[in-house]
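S.K.: the sequence and its predicted three-dimensional model are supplied below.
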Amino acid sequence: MRRGEATLTAAASAAAGRPALEVRAVERSFGHVRALRGVSFALDAGDSLAVFGPNGAGKTTLLRVLAGLLHPQRGEVLLDGAPLARADAAHRRRVGLIAHYSLLYDGLTAAENLAFYARLYGVAGRDAAVRAALEGVGLADRADDLAGTFSRGMVQRLAIARALLHAPSVVLLDEPFSGLDQRAAAALRDVLMRLRAERRTMVLVTHNIDEGLELATHVAIQVAGRFAECAPVDGDLAAYRRRYAEATAARG
Amino acid sequence: MGDLLRAAWAIAAKDVLLEFRSRTAFVSALVFTALVLAIFNFARDPTAVSALDLAPGILWITFTFAAMLGLNRAFGLEKENRALDGLLLSPASRTAIYLGKMLANLVFVGAVEAIALPLFALFFNVPVLPVLGPLVLVIALATLGFVAVGTLMSSMAVNTRLAELMLPVLLLPFLVPPVTSAVQITARLFAGRPFSEVGAWLRLLVGYDIIFVAACLLFFESTIEE
């Protein structure tokens, strides 16, 4: 699939009445630790889910399962109605992950990092796509600088450009605002709002309730591997804060 | 097939570029090679054992351990910023990732060997030039075998706590057949024996390469997936 095809797939999925992303009773353990316990939800194209939860709730594990980096021991993940297969390149082209780590090479320049990923994803018009991606995150003037010389905020912006380079229909974000200054956070918020306007499906894991609720159409509270709550955002933000505090306190 | 080769080439080119920029492992391997050859040269007693008897073993010990430095780095550089996740997230098949890594390792080890061989000839005064063609063939075959296995073992060792210690422990037992074959063939070549005399060892080397390249391609996915 090339640039733009992800949007077409999502549109076809919506037309067929299938959720763009569906998670069915997913379970995943590490030894005796049950990181995910029967997590289920479904998102249509354009929906964005904010997942709140304390440290150790299994949020990052959930994102890694959705990205196909971890395989669920029970349950399944469906993209546009098709199970996320282990070795399916077409599925991997539909997903973009902005992780805790940048997934970038410090020894390559910003442009070389993006060009490398563009080659792996088979992005058409590679040079133009790389230039556009760098301009999109305000790093066009630093294209030839090594990623290892970038500040935390610039690395995060480059990581966003990397994750969106192949125009994924599903975007997964793990604490994307952590470590960013106000200017970088505002720029990231703009990017995410643009993704929402483009009807990309997003799953955003965060501790920050205000930022999550601003960007999300749905909200979930994850505690000890379970979704304590998962529903559309209804506007009563104070109630979410209270329920999140209660869920966290109940966990002890 | 086109996608596989394109992704493998992209990964290999990226690894070679990163090594070219830092030169950390390459310089380490060259310094190691020069030191080992110098130490062996000064430690041996030329009146007791002739250089021709010792040289094949020393050549392959040097190649093997110098290569280990490069193999350690193959997946080590993917730990930086968890870049390995970026590779696994991409549509590149696991076979392409393995082939790309193996190709970069072949370039690295080949470059070290290309510099080490003249140094070896200089230190031990062995007749390398008259047998250069067959010798290069043997080096290429043995290198392919141990780089194939080394790339797989590097992917297994990278997530262990003492990765640099684990790699030799995992890898060295698998290197006995190719290194033994290479030493035997090299000894006969230096002794001026006809190439037809090394047929059995050469077949072992080729057989090892075929079996282990195929096996490593098969097993790589299970070593790299969580």
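M.R.: Structure received.

S.K.: all contacts plus neighbour counts: C-alpha atoms, from now on.
M.R.: OK.

S.K.: the residue nearest to A:A140 when sequence neighbours are not counted - how many residues pack around it?
M.R.: Using Cα to Cα, 6 or more residues apart in numbering or on different chains and skipping residues adjacent in sequence, the residue nearest A:A140 is A:L134, 4.9 Å away. A count of nearby residues for A:L134, using other Cα atoms under 10 Å in any protein chain shown, gives 24.

S.K.: A:L134 falls within a helix, correct?
M.R.: Yes: assessed by DSSP: H, G, I helix; E, B strand; the rest coil, A:L134 belongs to a helix.

S.K.: and the gap between it and A:G107?
M.R.: Counting by Cα to Cα, to the nearest Å, the separation of A:L134 from A:G107 is 18 Å.

S.K.: tell me where chain A has helices.
M.R.: Listed in chain order, the helices of chain A (DSSP state H) span residues A:5-15, A:59-67, A:89-93, A:110-121, A:126-136, A:152-164, A:182-197, A:209-215, A:237-251.

S.K.: quick one: contacts of the third one?
M.R.: By Cα atoms under 8 Å, 6 or more residues apart in numbering or on different chains, the surrounding residues in contact with helix A:89-93 are A:1, A:6, A:67-68, A:79, A:84-85, A:121, A:166, A:168, B:89-93.

S.K.: low-scoring stretches of the chain, by residue?
M.R.: This is for chain A. Under the criterion pLDDT under 70, the flagged ranges of chain A are A:1-16, A:85-87, A:235, A:250-252.

S.K.: wait, chain B was what I had in mind.
M.R.: Looking at chain B by pLDDT under 70, you get B:1, B:226.

S.K.: kindly list the longest helix within it.
M.R.: For chain B, the helix with the greatest residue count under DSSP H is helix B:94-124.

S.K.: can you give me the angle the helix or strand following it makes with helix B:94-124?
M.R.: Elements were assigned by DSSP states H and E; along the chain past helix B:94-124, the next helix or strand is helix B:132-157. An angle of 130 degrees separates the directions of helix B:132-157 and helix B:94-124 when computed by axes from the mean of the first three to the mean of the last three Cα atoms, to 10 degrees.

S.K.: return the set of buried residues in helix B:132-157.
M.R.: The neighbour-count check on helix B:132-157 (16 or more other Cα atoms under 10 Å in any protein chain shown) flags B:135, B:138-139, B:141-157 as buried.

S.K.: repeat that for stretch A:145-155.
M.R.: A:145-147, A:150, A:152-155.

S.K.: and those as CSV, adding distance to A:A25?
M.R.: CSV is the format used below for those (distance: Cα to Cα, whole Å):
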residue, distance to A:A25
A:D145, 45
A:L146, 43
A:A147, 39
A:F150, 40
A:R152, 36
A:G153, 36
A:M154, 37
A:V155, 35
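
S.K.: coming back round to it: would JSON lines of the helices of chain A with distance to B:M166 be doable?
M.R.: Putting the helices of chain A into JSON lines (distance: least, Cα to Cα, whole Å) gives the following:
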{"stretch": "helix A:5-15", "distance to B:M166": "42"}
{"stretch": "helix A:59-67", "distance to B:M166": "27"}
{"stretch": "helix A:89-93", "distance to B:M166": "32"}
{"stretch": "helix A:110-121", "distance to B:M166": "30"}
{"stretch": "helix A:126-136", "distance to B:M166": "39"}
{"stretch": "helix A:152-164", "distance to B:M166": "32"}
{"stretch": "helix A:182-197", "distance to B:M166": "41"}
{"stretch": "helix A:209-215", "distance to B:M166": "43"}
{"stretch": "helix A:237-251", "distance to B:M166": "40"}
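
S.K.: of the ones you listed, which approaches B:L18 most closely?
M.R.: Shortest distance between B:L18 and the helices of chain A, using Cα to Cα, is found for helix A:110-121: 10.8 Å.

S.K.: does chain B have contacts with the closest one?
M.R.: Yes: against chain B, helix A:110-121 shows contacts by Cα under 8 Å from any Cα of the partner chain at A:116-117, A:119-121.

S.K.: counting by contacts, list what that helix packs against.
M.R.: Under the contact criterion of 3 or more Cα pairs under 8 Å, 6 or more residues apart in numbering or on different chains; DSSP states H and E, helix A:110-121 touches helix A:126-136, helix A:152-164, helix B:2-22.

S.K.: return the most buried member of those helices.
M.R.: The highest mean neighbour count among the helices and strands packed on helix A:110-121 belongs to helix A:152-164 (a mean of 23), with neighbours defined as mean count of other Cα atoms under 10 Å in any protein chain shown.

S.K.: quick one: contacts of it?
M.R.: Counting contacts by Cα under 8 Å, 6+ apart, the residues touching helix A:152-164 from outside are A:96-98, A:102-104, A:110, A:113-114, A:117, A:133-134, A:136-137, A:139, A:147, A:171, A:176, A:179-181, A:184, A:188.

S.K.: up against chain B, what does chain A have?
M.R.: Those residues of chain A that sit near chain B, judged by Cα under 8 Å from any Cα, are A:67-71, A:87-93, A:101-108, A:116-117, A:119-121.

S.K.: what parts of chain B come near chain A?
M.R.: Residues of chain B found near chain A (Cα under 8 Å from any Cα) are B:6-7, B:10-11, B:14, B:18, B:21-22, B:80-86, B:88-93, B:225-226.

S.K.: give me that answer again for 6 Å
M.R.: Remark: the part of chain B in contact with chain A comprises B:7, B:18, B:81-83, B:86, B:90-92, using Cα under 6 Å from any Cα of the partner chain.

S.K.: ok, B:G57 to chain A distance?
M.R.: Distance of B:G57 to chain A, given as Cα to the nearest Cα, to the nearest Å: 37 Å.

S.K.: what subset of the contacts of helix A:152-164 is buried?
M.R.: Looking at those with 16+ other Cα under 10 Å, the buried ones turn out to be A:96-98, A:102-104, A:110, A:113-114, A:117, A:133-134, A:136-137, A:139, A:147, A:171, A:176, A:180, A:184, A:188.

S.K.: how close does the residue lying closest to B:M156 once chain neighbours are set aside sit to B:S154?
M.R.: On the basis of Cα to Cα, 6+ apart, the spatially nearest residue to B:M156 that is not a chain neighbour turns out to be B:T223, at 5.8 Å. Using Cα to Cα, B:T223 is found at 10 Å from B:S154.

S.K.: contacting residues for A:S102?
M.R.: Contact partners of A:S102, counting by Cα atoms under 6 Å, 6 or more residues apart in numbering or on different chains, are A:159, B:81.

S.K.: I should have written A:R74 there, sorry.
M.R.: The contact partners of A:R74, by Cα under 6 Å, 6+ apart, come to A:26-27.

S.K.: then A:A124?
M.R.: Contact analysis of A:A124 by Cα under 6 Å, 6+ apart lists nothing.

S.K.: nice, that's everything, thank you.
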